[in-house]
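J.: Any chance you can model this:
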Amino acid sequence: MIAVFRRDMQGFFRSPLGYVYIGAFLAIMNLYFFATCVLASSSDVGSVFSNMLIVFLFLMPILTMRLFSEEYKQGTDRLLLTAPVSVWEIVGGKFFAAVGVLLTALLCTLPWIGIIALFGTPAWADILGCYIAVLCASAVFAAMGLFLSSLTESQLIAAVLSFALFLGLYVADMLSYSMDSSRLPGRLLSWLSIFTRYDSFMSGQFSLGNLIYFLSLTGLFLFFTARVLERRRL
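T.: Reported below is the predicted structural model:
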């Protein structure tokens, strides 16, 4: 797993993709932080992190589209699948490489906390909840994107499929607010919503159920990816 992780992390930063991804993320989020917190003299970063998930919704397909699709197109998947590593080590290595890029982008936002501490009193529980929330939700998106990348050799198709899935989840979340929460469809959509659970975490309400939900959904899509690779390995 470590060898696959290192290989993919190096691949992200040997090409412009990793730098473009992090640069685009920081350009958007720093501008929003400046407008929301600095200009407004506010120490509340909740609205910034609330919109961060929307930014990841658009950027995540760019990050995950190449993970397996590029291997298929270049024919290197045969070398990878015949290497003395298990399917789960391959999937885990690629998943943690994508999460590693996400963590690098998030680490670049830590100066926000210093700026807030200089001019106000940070709400440490809320800030911690925001970082945990965005990491959990983006890990789910990374696992979904990884699975969709394993289905096709076209990076464009993988990106479009990922974006369509993420957008569908967002639309379903919007529908849950307009539906009667006392009825089964409304309750089901609200319970399944990544964004609803994200907001709960972000507000500092740490819930073991929400954490298990994110971990289970991430594991489910990693399992789907492993099954796809097992079939290709036969």
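J.: okay, CA-based contacts and neighbour counts for the rest of this
T.: Noted.
J.: Can you name the residues that contact residue 93?
T.: Counting by C-alpha atoms under 8 Å, 6 or more residues apart in numbering, residue 93 touches 1, 2, 3, 4, 5, 6, 8.
J.: Just the buried residues out of those, in ChimeraX syntax.
T.: A single ChimeraX command is used to select the members of these judged buried by 16 or more other C-alpha atoms under 10 Å:
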select :1,4,5,8
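J.: of the contacts of residue 93, closest to residue 168?
T.: The closest of these to residue 168 turns out to be residue 8 (C-alpha to C-alpha; 28.4 Å).
J.: Okay, the closest one and residue 172: tell me how far apart.
T.: 33 Å (C-alpha to C-alpha, to the nearest Å).
J.: Tell me where this structure has helices.
T.: Under the criterion DSSP state H, the chain contains helices at 2-14, 16-33, 46-64, 69-74, 77-82, 87-107, 111-119, 124-149, 155-178, 184-192, 194-202, 208-233.
J.: buried sites along the fourth one?
T.: Taking 16+ other C-alpha under 10 Å as the neighbour-count basis, helix 69-74 is seen to contain the buried residues 69, 70, 71, 72.
J.: ditto for the fifth one
T.: Counting neighbours by 16+ other C-alpha under 10 Å, one finds that the buried residues in helix 77-82 are 77, 80, 81.
J.: what comes into contact with it?
T.: Residues outside helix 77-82 that contact it (C-alpha under 8 Å, 6+ apart) are 68, 71, 87, 90, 229, 233.
J.: Could you identify which of those has the most neighbours?
T.: Of all the contacts of helix 77-82, the highest neighbour tally under other C-alpha atoms under 10 Å goes to residue 68, namely 27 neighbours.
J.: May I have the residues that are in contact with it?
T.: 77, 146, 149, 150, 152, 153.
J.: Between all of those residues, which two are separated the most?
T.: The distance between the two most remote of those (C-alpha to C-alpha) is 14.3 Å, for 77 and 146.
J.: State the pLDDT value of the residue lying closest to residue 194 once chain neighbours are set aside.
T.: Excluding the flanking residues, the one nearest residue 194 by C-alpha to C-alpha, 6 or more residues apart in numbering is residue 137, at 6.9 Å. The model reports residue 137 with a pLDDT of 89.
J.: For burial, what's the neighbour tally of residue 137?
T.: Neighbour count of residue 137, defined by other C-alpha under 10 Å: 22.
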